[in-house]
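Student: Quick one: sequence plus predicted model below, questions after.
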Amino acid sequence: MPVLRMRDALREALREEMQRNPRIFLMGEDIGKYGGSYAVTRGLLEEFGEERVRDTPIAESVIVGCGIGAAMAGYHPMVELMTINFSFLALDQIVNNAAKLLYMSNGQINVPLVIRMASGGGSQLGATHSHSLEGLYAHFPGLKVVCPAFPADAKGLLKRAFRDENTVIFIEHTANYGLRGEVPDDPDFVIEFGQANIVRPGSDVTIVGYSGSVHQALRAAELLAEQEEIEAEVIDLRTLRPLDIATVVESVRKTNRCVVVEDDWKFGGFGGEIAALVMEHAFDWLDAPVARVSSKDVPMPYNRNLEYAALPSEEDVVDAVLAML
Amino acid sequence: MTTRTTATDSIEGISREQLLDFLYQMVFLRRFEEKCGEMYTKGKIRGFLHLYTGQEACAVGAISVLRREDRLVSHYRDHGHAIVKGVDPKRVMAELFGKATGCAGGRGGSMHLYDTSVNFLGGYAIVAGHMPIAVGLGLAAKMSGEDWIAMCIFGDGSIAEGEFHESLNLAALWKVPVLWFCENNLYGMGVHLKESLVTEITKLAAAYEMPAVKVDGMDVIAVHKATREAVEYVRREQRPYFIEAETYRYRGHSMADPELYRVKEEVEEARKRDAIERLRRTLAEHGWLDDEGYQEIERRAEAEVEECVRFAEESPEPSIDTLYDHVLKGDEDARPTNA
């Protein structure tokens, strides 16, 4: 099986889906000649031409709205918003149009649209450029929210996104773009939404993550195994909408402990939703309250040490696990 | 009825029959909206209700130019646009009543009407929020090579929104077939255009390199003629075109509006330009319509509106069992848990 970096796996998905479906076209800021800010779309302009790979003005609202309109008329556009931080400028289009048209029109209008955006902090980009908003988008009924942590998942889930009849918010953590992994080259390889993945089996505690935080969870699990002889089970949610809570609940019923790790802020974040669902479905199995490890409740600082302190780390996860044993 | 022979039996290329139909449609829309206001005070219609009274010449004159396959998106004062595009007015009234037979199954309400069978793709209730969608529709038309265009109706209140500028720019940049149609009724809710815009609307549109014309929005013949030229251009050139129709709404912004921002005399002045009276006079001058003929039109319109109300009254409420339907397409249960 070929080993690819995540950005290359994403590009493979785009290429294969564009070859499969002539109704797919791409548009976004610097996705053409520049090749994408994170080089995901590099080479696609040359391969598919200007009609299907469209550089846009810097105008997030009309980029997304234009995608919605084209989707309403039979196309399956992919819109790249460069980073999730810029999606605030398109929030009305995403929330009021893409997410709600099917419901408001009583099923007459669906919006098959893929909106890709890069997420996460850790690159010293400061407060406006370091958001993790997976949970924000998961808040809205009518959207699907996908946030892969590994190259193979990125490919399989992105290909699946183009076979969906709804709008898919596809979020890629910037720290994962260079990550390498085996990626199937079968053009029919897709990963269904709503299937969490147990990326490390264990029996003592369940650590739940998504997107970038899966890797903190895995590193923490290694530390716990090496230093404390604690075997953590790590679950990668892969999609927040639909959410596979059953896999989490089943694990917690086995380990009796649960830690949720996320790059988002704790207050009002998605980790709270996981904690609540675990309590609703596994309360009698819990030996300790569900713990949440997340970003500190501050805008992201620029200084390297301050930023590291603000982000969740594997040490934070280890501490949370040790505190509940 | 006295008839006078004319050379062409048409005005500005619009046949006598079509002009009589325009008059009927405008009278119908006015009666429809008056009835909506009445039903609102009776509590049959709830939520926000924005009446179209006074602006009928815009919907009737402009949308009558479109073909069925042309896509239309509009703002929240959308009853007239939906009906002229071909949405069954019975289903519009049922929607306002929140009934299952409504054109959005009772899920949308006054500001969110849809009927894809006639390509009425929505009333949009966030100001200018549908303008980017129109660009995408135009792009789809162009890429597909199909012979339809997109029309986007919005109010003067949209002009100061960023999406107006983003959308006009991209439509012109990518040369997509979109007809921008601004219904300038002078007020963005209660703020006069002069207090929200530093320049003229058509100047802004022209700055985005597209033809931009101003038309008397209280004259259905002028609106139709201008739109006909615009649609021909958009279809032929595959480029955007901009029309500003100067109109006026007689009622408040919504049913909740005490109208503190304007004087009664201003409304009375506007009513002197009334589109229905104007077309009625024109038809009478040509000898194509007498008082009896007009009264017949009014009777027919009132009867049809009554039929709409009867249909809405007698229609069932949507079943509570359908609450979760259509959150996501292809997913029977969209709720985010499988525990």
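Tutor: Sure thing, it's come through. Residues are numbered from 1 along each chain as shown, chains lettered A, B, ... in the order given.

Student: buried set for stretch A:208-223?
Tutor: Along stretch A:208-223, these residues count as buried under the neighbour rule (16 or more other CB atoms under 10 Å in any protein chain shown): A:208-221, A:223. For the C-beta atoms, the positions are set from N, CA and C on the backbone; glycine is no exception.

Student: Pull up the gap between the residue positioned nearest the centre of chain B and chain A, please.
Tutor: For chain B, the residue lying nearest the average C-alpha position, counting by CA atoms, centre = their mean, turns out to be B:His81 (2.7 Å). B:His81 sits 15 Å away from chain A, taking CB to the nearest CB, to the nearest Å as the criterion.

Student: Name the nearest residue to that residue, sequence neighbours excluded.
Tutor: When the adjacent residues along the chain are set aside, B:His81 lies closest to B:Ser74, with 4.2 Å between them (CB to CB, 6 or more residues apart in numbering or on different chains).

Student: Was I right to think that neighbour contacts B:Val87?
Tutor: No - in terms of CB atoms under 8 Å, B:Ser74 does not count as a neighbour of B:Val87; the distance is 11.0 Å.

Student: sorry, back to before: contacting residues around the residue nearest to the centre of chain B?
Tutor: For B:His81, the contacting residues are B:59, B:63, B:72, B:74, B:120, B:123, B:153, taking CB atoms under 8 Å, 6 or more residues apart in numbering or on different chains as the criterion.

Student: Out of these, list just those in strands.
Tutor: B:72, B:74, B:120, B:123, B:153 (DSSP state E).

Student: Got the phi and psi for residue 219?
Tutor: Here I'm looking at chain A. Backbone torsions for A:Arg219, taken as degrees, to the nearest 10, come to phi -70, psi -40.

Student: that's the wrong chain, I meant chain B
Tutor: Dihedral angles (degrees, to the nearest 10) for B:Asp219: phi -130, psi 100.

Student: what about it, how many neighbours?
Tutor: The criterion is other CB atoms under 10 Å in any protein chain shown. On that basis, B:Asp219 has 21 neighbouring residues.

Student: confidence score at it?
Tutor: Here the pLDDT value assigned to B:Asp219 is 98.

Student: Taking the ones in strands among the contacts of B:His81, please make a ChimeraX selection of just the buried ones.
Tutor: Here is the ChimeraX command that selects the buried residues among the ones in strands among the contacts of B:His81 (16+ other CB under 10 Å):
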select /B:72,74,120,123,153
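
Student: now the ones in strands among the contacts of B:His81 in TSV, with pLDDT?
Tutor: What follows is these, written out as TSV (pLDDT from 0 to 100):
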residue	pLDDT
B:Leu72	98
B:Ser74	98
B:Phe120	98
B:Gly123	98
B:Ile153	98
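
Student: and the closest residue to A:Ile115 other than its chain neighbours, bridged to which residues?
Tutor: Leaving aside its sequence neighbours, A:Ile115 sits nearest to A:Val79 (CB to CB, 6+ apart; 4.9 Å). For A:Val79, the beta-bridge partners are A:Met27, A:Ile115 (DSSP bridges).

Student: Next up, the contacts around B:Arg228.
Tutor: With CB under 8 Å, 6+ apart as the criterion, the residues that contact B:Arg228 are B:13, B:65.

Student: Doesn't it lie inside a strand?
Tutor: No - secondary structure of B:Arg228 (DSSP: H, G, I helix; E, B strand; the rest coil): helix, not part of a strand.

Student: any idea how far B:Val215 is from it?
Tutor: With distances taken as CB to CB, to the nearest Å, B:Arg228 is found 11 Å from B:Val215.

Student: again with B:Ile221
Tutor: Counting by CB to CB, the separation of B:Ile221 from B:Val215 is 10 Å.

Student: Secondary structure element holding A:Val261?
Tutor: With the criterion set as DSSP states H and E, the secondary-structure element containing A:Val261 is strand A:258-265.

Student: can you give me how far the helix or strand that comes right after that strand is from the chain middle?
Tutor: Stepping forward along the backbone from strand A:258-265, the first helix or strand reached (DSSP H and E) is helix A:270-282. Averaging C-alpha positions (CA atoms, centre = their mean, to the nearest Å) puts helix A:270-282 19 Å from its chain's average.

Student: Over to stretch B:159-166?
Tutor: Centroid displacement of stretch B:159-166 relative to its chain, using CA atoms, centre = their mean, is 20 Å.

Student: Show residues contacting it.
Tutor: Around stretch B:159-166, the neighbours that count as contacts under CB under 8 Å, 6+ apart are A:57, A:59, A:61-62, A:65, B:127-129, B:131-132, B:154, B:158, B:182, B:188, B:193, B:196-197, B:201, B:204, B:208.

Student: From these, which land in helices?
Tutor: Taking DSSP state H, the ones among the contacts of stretch B:159-166 that sit in helices are A:61-62, A:65, B:131-132, B:201, B:204.

Student: thinking again about what came up before, does the residue nearest to the centre of chain B belong to a helix or a strand, and which?
Tutor: Taking DSSP H and E as the definition, B:His81 sits inside helix B:79-85.

Student: Average pLDDT for that helix, rounded please.
Tutor: Model confidence over helix B:79-85, given as mean pLDDT, is 98.

Student: Could you show which parts of the stretch 1-150 of chain A are in contact with chain B?
Tutor: Proximity of the stretch 1-150 of chain A to chain B is confined to A:25, A:51, A:54, A:56-57, A:59, A:61-75, A:77, A:92-93, A:96-97, A:101-110, A:138, A:141-142, A:144 under the rule CB under 8 Å from any CB of the partner chain.

Student: just to revisit the earlier point, continuing past the helix holding B:His81, what's the next helix or strand?
Tutor: Beyond helix B:79-85 on the C-terminal side, the first helix or strand identified by DSSP H and E is helix B:89-96.

Student: For the longest helix along chain A, enumerate the helices and strands it packs against.
Tutor: Secondary structure of chain A per DSSP H: the longest helix is helix A:6-20. Taking 3 or more CB pairs under 8 Å, 6 or more residues apart in numbering or on different chains; DSSP states H and E as contact, the helices and strands that helix A:6-20 lies on are helix A:44-48, helix A:151-161.

Student: Pull the distance from the strand holding A:Val261 to the chain's centre.
Tutor: The chain centroid and the centroid of strand A:258-265 are separated by 13 Å under CA atoms, centre = their mean.

Student: anything in that strand near chain B?
Tutor: No - Strand A:258-265 lies apart from chain B when judged by CB under 8 Å from any CB; the minimum separation is 13.4 Å.

Student: Dump the C-alpha coordinates for that strand into CSV.
Tutor: The C-alpha atoms that make up strand A:258-265 are tabulated as CSV, following Å, rounded to 0.1, in the frame of the first residue of the first chain:
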residue,chain,number,x,y,z
CYS,A,258,-13.2,8.5,30.1
VAL,A,259,-11.1,11.5,29.1
VAL,A,260,-12.0,13.7,26.2
VAL,A,261,-9.2,15.6,24.5
GLU,A,262,-9.8,18.5,22.1
ASP,A,263,-8.0,21.6,20.8
ASP,A,264,-11.2,23.7,21.3
TRP,A,265,-12.0,25.6,24.4
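
Student: residues contacting the residue positioned nearest the centre of chain A?
Tutor: When chain A is reduced to its mean C-alpha position, the closest residue under CA atoms, centre = their mean turns out to be A:Cys147, at 1.5 Å. The neighbourhood of A:Cys147, defined by CB under 8 Å, 6+ apart, consists of A:119, A:134, A:170-173, A:210-211, A:237-240.
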